[in-house]
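Participant: Structure of the sequence below:
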Amino acid sequence: MTQLKEKIMKKKTVIASLLLLFISINSLTLQAREYGDLIMPSKIEVLYQYHHNPFQIRSQASTRYVIEPTVGYIYTIGQLEQQELLEAHNVIKMTRRLVGLPGDVQMDEQLNLTAQYASYINMLNATISHYPSKPNLVSDEAYAIGKEGSAKSNLAAGFRTISDSILWGYLQDDDIYNLADVGHRRWLLNPQLQNIGFGYVDTLVDSSYNGFTATYVFDRSRKETIDYPFIAWPAAGNMPVEFMKTSTPWSINLGVEYEQPIKENIRIELTHAQSGKVYRFDAETNSDPSEASNTDFFTTENSRYGLEKTLIFRPKLDEVKYAPGDLFYVEVLGIDIKGEEVPISYEVKLFELNDQPSVWAFEELVEADKANLIPEMLMEAYSEDISRIDFTRLLIHGLMQYTGQTYNELYETVDVVDTEFKDTTDLDVQLAARLGIVNGVGDNRFNPTGGILRQEAATMLYRAGQYLEIEAVQDVQEFSDADKIPNWAKASVDYVTNITDATQGKKVMEGVGNQMFAPDRSYTREQAMITVKRLLNRS
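Facilitator: Residues are numbered from 1 along each chain as shown. Below you'll find the model as predicted:
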């Protein structure tokens, strides 16, 4: 984006300690973050990936085949429909992106075949084993392939689809057999994983679809080394609440620089921001999985299940629930690098995958997100009407990104008496009023929770553009409902309908069809985000 030309005097002193406190508090809102080579995705990125690479969160359908598995003197291992494999692949790609890893794991046809043989062998034996015995019905060659696949795969039974086995089996690892090491999860999150394969065979005993599945994970063929201080699940940053259960254990895998964790030295605090509830884990916390349903649970595990140096903890089951919008803080003390304590802290924000923008809005929201023009706190309820205060926050955030200036620096660009509103002390509103972008609604009120009409949005965008000295072409658009645009908004409407976005080639604000501008219609959050992006990305 073109930067605002120099027009500001040297930076003056900060305006007040209250302002600094406000900025400090606002910094808690989640943005895309980096931990070493890990780049945590924003909500928009996750939603975009889920929209374009979908999968069933909980499948009620049976697995689909091109060739059904059969048993007899002539056995058939079966061939899965491509869509089944693609959905499993999509789950893996999203899972790895959530923790900050590249989502470029490749599905390998030969590994699919190996995993399919493993699923078939385990189905014939009617049990899960990484070292299966040879069934009577199969050849030595088929057994050798299935044996190799079983030894190098995550294995599960009792799930309707491969995707379900990944989401509700491997990633959860919440039963007494897996809680103490979450090994399946660690193999899926292994940074060096590059190639993966999937297999599935329904049980042939009944029609309950409690199939046997294998996901080939013993691969370390990624060429580049990924440096990370830690890998966390639930993911550090944005985490779909749909992937969470009350029984989901939390895990942290420490990077190579950390020494092996010792439970007796470690203290973990998991804090629920909204309620202030703190869950504490230390040397006194239960580490017996068989007792974990009745107590808090905490252990360390240093075997090599894809990832080493693992901390595993979980609150008592009846004391924790997870809901959209929940924010958790995690702090880990007592972990060392070269003999010195180097704590870890991060945030986890739960959100709904079903809270998606409109299809038409996705591409431009991704653009806005990449330009860091959308505050994380506004990334929700995209199709709902935006409030006056949220639109103001969006504009102020955009101005700071566009100009590269801090809140204080923007504040000092004008010398006017601050506006004081009866119904809000929000500093974004105060700054916007100082810059001439917003006015009140009368009687010294701002009406922060009130909605915005299109004509009002046009006016606020116009004033922001004027502050930034963004010029529009002189080509007045003709609207069939021009007589409904109030006089005070006409210049603003002319302005926003004559500035073109450099990437999309669209006007900042366009008509709604039938040559109408519809000045008195409401304005949604996604519309607000996109029009701010267009204004700041004008050609």
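
Participant: Helix or strand next in line after the lowest-mean-pLDDT helix or strand in the chain, which one?
Facilitator: Using mean pLDDT, DSSP states H and E, helix 17-26 stands out as the lowest-scoring helix or strand of the chain, at a mean of 32. On the C-terminal side of helix 17-26, the closest following helix or strand by DSSP states H and E is strand 34-35.

Participant: Give the pairing partners of that following strand; include direction for each.
Facilitator: Strand 34-35 sits in its sheet next to strand 38-39 (antiparallel), going by DSSP bridges.

Participant: which residues sit against the partner strand?
Facilitator: 32, 33, 99, 100, 101, 226, 228, 231 (Cβ atoms under 8 Å, 6 or more residues apart in numbering). Yep, even glycine has a C-beta here, placed from its N, CA and C like the rest.

Participant: beta partners of residue 330?
Facilitator: Residues in beta-bridge contact with residue 330 (DSSP bridges): residue 270, residue 346.

Participant: What is the burial count for it?
Facilitator: Residue 330: 21 surrounding residues under other Cβ atoms under 10 Å.

Participant: Same question for residue 275.
Facilitator: Neighbours of residue 275 using other Cβ under 10 Å come to 8.

Participant: do residue 99 as well
Facilitator: When neighbours are defined as other Cβ under 10 Å, residue 99 has 24 of them.

Participant: Report pLDDT for it.
Facilitator: The per-residue pLDDT reported for residue 99 equals 98.

Participant: Quick one: distance of stretch 39-54 to the chain centre.
Facilitator: Distance of stretch 39-54 from its chain centroid, counting by Cα atoms, centre = their mean, to the nearest Å, is 6 Å.

Participant: what comes up buried for it?
Facilitator: 40, 41, 42, 43, 44, 45, 46, 47, 48, 49, 50 (16 or more other Cβ atoms under 10 Å).

Participant: Please name the residues that touch the second one.
Facilitator: It stands for residue 41. Residue 41 is in contact with 32, 49, 97, 98, 100, 237, 238, counting by Cβ under 8 Å, 6+ apart.

Participant: Mind checking which of the residues you listed land in helices?
Facilitator: Per DSSP state H, helices hold the following members of the contacts of residue 41: 49, 97, 98.

Participant: I'd like the residues you listed laid out as TSV, including distance to residue 346.
Facilitator: Shown next, in TSV, are the ones in helices among the contacts of residue 41 (distance: Cβ to Cβ, whole Å):
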residue	distance to residue 346
49	21
97	16
98	13
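
Participant: Please identify the one among those residues that lies nearest to residue 291.
Facilitator: The shortest gap between residue 291 and any of those belongs to residue 98, at 30.1 Å (Cβ to Cβ).

Participant: ok, the closest residue to the closest one other than its chain neighbours - how many residues close by?
Facilitator: Residue nearest to residue 98 in three dimensions, not counting chain neighbours: residue 235, with 4.0 Å by Cβ to Cβ, 6 or more residues apart in numbering. Neighbours of residue 235 under the rule other Cβ under 10 Å: 24.

Participant: A helix includes residue 235, no?
Facilitator: No - checked against DSSP: H, G, I helix; E, B strand; the rest coil, residue 235 lies outside a helix; its state is coil.

Participant: dump the residue contacts of the residue of the chain positioned farthest from its centre.
Facilitator: The C-alpha centroid of the chain is most remote from residue 73, which lies 49.4 Å away (Cα atoms, centre = their mean). With contact taken as Cβ under 8 Å, 6+ apart, residue 73 is in contact with residue 137.

Participant: and what of the one 10 residues further on?
Facilitator: Counting by Cβ under 8 Å, 6+ apart, residue 83 makes contact with residue 64.

Participant: which one of the ones in helices among the contacts of residue 41 sits closest to residue 499?
Facilitator: Nearest to residue 499 among the ones in helices among the contacts of residue 41, with distances taken as Cβ to Cβ, is residue 49, at 30.8 Å.

Participant: Check the gap between that closest one and residue 93 for me.
Facilitator: When distance is defined by Cβ to Cβ, to the nearest Å, residue 49 is 7 Å away from residue 93.

Participant: Show me where the stretch 401-539 of the chain has its helices.
Facilitator: 407-411, 427-434, 454-467, 487-496, 525-536 (DSSP state H, counting those that start in this stretch).

Participant: Ok, which of those comes nearest residue 351?
Facilitator: helix 525-536 (14.3 Å).

Participant: Who are the packing partners of that closest one?
Facilitator: If you count contacts as 3 or more Cβ pairs under 8 Å, 6 or more residues apart in numbering; DSSP states H and E, helix 525-536 packs onto helix 362-370, helix 388-403, helix 454-467.

Participant: how about those in TSV, adding mean neighbour count?
Facilitator: Below are the helices and strands packed on helix 525-536 laid out as TSV (neighbours: other Cβ atoms under 10 Å):
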stretch	mean neighbour count
helix 362-370	19
helix 388-403	22
helix 454-467	23
